[in-house]
Each structure stands twice: as structure tokens, then as C-alpha cells.
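Q: I need the structure of the sequence given here:
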Amino acid sequence: MNEKDKDIKVTKDMTIAEVLKLKPKAAGVLFAFGMPCLGCSVALSESVEAAAAVHGIDLDELIGKLNEV
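A: A predicted model of the protein is given here:
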């Protein structure tokens with residue numbers, strides 16, 4: 001695990017694309033939560049909060065897991 005990535009904190013306002021750029025290992029977490037369309041155009045502008053709502057995912061749980069990688 002890259003310690004630098006652990007220092008970056010994901011927030012609900014970040015876009016999916018920003019999260020993936022800052023924390024590439026976050027892709028595995030997003031896939032595990034049932035969010036397979038990480039490269040689609042919506043990911044460029046959709047916030048973590050909006051994506052969680054659309055997919056029926058608990059936002060706090062998702063952010064917690066994203067911040068673990």
C-alpha cells in the first residue's frame with residue numbers, strides 16, 4: 001500500500017474521476033460496492049455522494065472504505 005495514497009482523504013463532494021486519479025486502488029472498492037462504470041462520462045462529473053445515492057449505497061460506509069486504500 002502506498003502511504004501517500006492513505007494520506008489523501010476522499011470527500012463526498014469529489015467526483016468519481018477525481019477519486020480514481022488520486023487513489024487508483026479505489027477502483028477495487030467502487031467495484032466491490034457495485035459501481036462498475038468507472039470510465040463512463042458520468043464519472044467525470046458525478047460526486048461520490050450522488051453516485052452513492054444513485055446506486056443505493058451508504059455514503060459513510062463508502063467513504064470510509066475509500067479512505068482505507
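
Q: Where does the nearest residue to Leu62 once chain neighbours are set aside fall, secondary structure wise?
A: The spatial neighbour of Leu62 that comes closest, neighbours along the chain excluded (Cβ to Cβ, 6 or more residues apart in numbering), is Ala52 at 5.2 Å. Any C-beta I mention is one placed from the backbone N, CA and C, and that applies to glycine too. Here Ala52, judged by DSSP states H and E, is contained in helix 48-55.

Q: hey, C-alpha coordinates of that helix in CSV?
A: The C-alpha atoms that make up helix 48-55 are tabulated as CSV, following Å, rounded to 0.1, in the frame of the first residue of the first chain:
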residue,chain,number,x,y,z
VAL,A,48,-19.2,10.4,-4.6
GLU,A,49,-22.4,11.4,-2.8
ALA,A,50,-24.5,11.4,-6.0
ALA,A,51,-23.1,8.1,-7.1
ALA,A,52,-23.8,6.5,-3.7
ALA,A,53,-27.4,7.8,-3.9
VAL,A,54,-28.0,6.5,-7.4
HIS,A,55,-26.6,3.1,-6.5
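
Q: From the chain's centroid, how far away is that helix?
A: 10 Å (Cα atoms, centre = their mean, to the nearest Å).

Q: likewise stretch 30-38?
A: 9 Å.

Q: What residues sit buried inside it?
A: Within stretch 30-38, the residues that count as buried by 16 or more other Cβ atoms under 10 Å are Leu30, Phe33, Met35, Leu38.

Q: Next: stretch 58-67.
A: Buried, per 16+ other Cβ under 10 Å, within stretch 58-67: Leu62, Ile63, Lys65, Leu66, Asn67.

Q: Right, I'll leave it there.
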